[in-house]
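Novice: Mind folding the following:
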Amino acid sequence: MITTHSTTLLTSSKLLGGIRQHALLDRVEARGNFKASSGCSPGNEKRRWHGTRRECLLGTNGNTTFCSSSACSLCRILETSYSLKMFGRNTQWGRQVLATFPTSLVTICALLCRFGVGIYTSSTSSKSDHYSSNRMQSKTKAILLNKVVVGKGYKATQNEPSFTAPPPGYDSVIADVRPNGPLNYDELVCYTENAIRPSYLVVYDA
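Specialist: Below is the predicted model:
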C-alpha cells in the first residue's frame, strides 16, 4: 500500500477519551509493571491498524471535515473514538445479518468472529485493509493507526467466538498464529473502549 496522506484529527470527545485511556493505562501498568520488568511501554501499549467503513471522502485531497452519517464508522471513530455498541454494524457481513435478523446482531456476529464481541486490530496493515471500504467512489482508501493498551495479552491458539472479555487475569486477546493452525493473521482484540484510541488517519491508493 502507498501512503498518500496521514493526519491527526482531535475533538473534545476524543481528548476526554484520551484522559480515560491514560487512566486505564496507569491501572494496567501498576498491575503488570511492564515498563520496568520487560522494557515495554507503560501498559504494554502498542500501535495497531484498524480498517472500517467510510461513507464520505474524509482524508481525500486534504479533506478534514467529518460527515454527519451515522453509518460512517471512520468519522464516528475519529469524532468520539470506538464504541462496542457499533460492533459489526457497519461491516458488510454485519449489515447482511441486520437485514435478516435485526435484533440478534451481537449474538450472530459473535459466532462469526474469531474472538467474540470486541474491537479488532492488527499489526498487519493488509489485514486491516481488508475491512476498509468506501461508500462513495474514490481512488483512495483509509485505515486508522491506533494506540492500544495491550497489558497482559492472552495468546489464543484457536477461535474463541464466545469471548466478551479476556480470560481472568488478562487485559486483551492476541491471536497466536502457528504453522498449520486455525489462525492465519495476527490480531489484537480489546474488550473495553478505553483501551484504544485512534492516532492517525492514513489514506492510500486503492
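Novice: Can you pull the poorly scored residue ranges out of this protein?
Specialist: Scanning the chain for pLDDT under 70 picks out the ranges 1-18, 88-112.
Novice: Could you rerun that using 50?
Specialist: 1-2, 10, 12-13 (pLDDT under 50).
Novice: isn't residue 43 right up against residue 33?
Specialist: No: if you go by CB atoms under 8 Å, residue 43 and residue 33 don't touch, sitting 10.3 Å apart. All C-beta atoms are positioned from the backbone trio N, CA, C, and that covers glycine.
Novice: quick one, which of the two is more surrounded?
Specialist: Neighbour count, other CB atoms under 10 Å: between residue 43 and residue 33, residue 43 has more, with 26 against 12.
Novice: Spit out the contact partners of the nearest residue to the more buried one once chain neighbours are set aside.
Specialist: The shortest distance from residue 43 to any non-neighbouring residue, by CB to CB, 6 or more residues apart in numbering, is to residue 25 (3.8 Å). Residue 25 sits next to 42, 43, 45, 149 when contact means CB atoms under 8 Å, 6 or more residues apart in numbering.
Novice: now do residue 134
Specialist: The contact partners of residue 134, by CB under 8 Å, 6+ apart, come to 54, 141, 206.
Novice: out of these, which are inside strands?
Specialist: Applying DSSP state E to the contacts of residue 134, the entries found in strands are 54, 141.
Novice: circling back: how far away is the residue nearest to residue 43 from residue 147?
Specialist: Counting by CB to CB, to the nearest Å, the gap from residue 25 to residue 147 is 9 Å.
Novice: Overlap of the contact sets of those two?
Specialist: Common neighbours of residue 25 and residue 147 (CB under 8 Å, 6+ apart) are residue 45.
Novice: ends of stretch 182-192, how far apart?
Specialist: Across stretch 182-192, the terminal residues are separated by 26 Å (CA to CA, to the nearest Å).
Novice: Any buried residues in it, and which?
Specialist: For stretch 182-192, a neighbour-count test (16 or more other CB atoms under 10 Å) marks 183, 187, 188, 189, 190, 191, 192 as buried.
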